[in-house]
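Undergrad: pasting a predicted model and its sequence here:
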Amino acid sequence: MFVGALELDVLLGDVHSLKEKRSVVRPVLAELRRKFEVAVAEAGHLDLHRRALLGVSCVAADHGHVTEVLDRCERLVAARPELELLSARQRMLGPDDDES
């Protein structure tokens with residue numbers, strides 16, 4: 001089993017309140033869930049109205065599949081005109097990792 005996590009730091013466009021931020025971020029999260037069947041949440045920068053940290057996770061039996069899904073999620077977010085992708089970071093946990 002492989003578990004992949006993707007952290008996306010994004011800058012939002014013309015947003016002036018946390019309410020407007022939610023109206024931009026929620027559709028992106030819903031689209032990621034619908035298209036890729038991943039778990040996704042706004043995971044950071046919760047008190048900033050122009051920044052968001054999106055967390056995406058995927059579980060599969062194949063390392064390549066997890067990487068492919070997370071790459072596609074990153075590309076989808078990068079292609080959104082209302083967002084500017086500042087950074088993306090992937091992490092992978094696999095069967096050879098130490099158990100805690």
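TA: That came in fine, so what should we check first? Numbering: from 1, shown residues only.
Undergrad: got the buried residues for the longest helix seen in the chain?
TA: The helix that spans the most residues within the chain, counting by DSSP state H, is helix 18-36. Going by neighbour count (16 or more other Cβ atoms under 10 Å), the buried part of helix 18-36 is 21, 24-25, 28-29, 32, 36. (Each C-beta comes from the backbone N, C-alpha and C, glycine too.)
Undergrad: now do it: everything it contacts.
TA: Here helix 18-36 makes contact (Cβ atoms under 8 Å, 6 or more residues apart in numbering) with 12-13, 15, 38-42, 47, 49-50, 52, 54, 56, 58, 69, 72-73, 76-77, 80, 82-83.
Undergrad: list the neighbouring strands of the helix or strand where residue 42 lies plus their orientation.
TA: Per DSSP states H and E: residue 42 is located in strand 39-44. Sheet partners assigned to strand 39-44 using DSSP bridges are listed as strand 51-60 (antiparallel).
Undergrad: that concludes my questions; thank you for your assistance.
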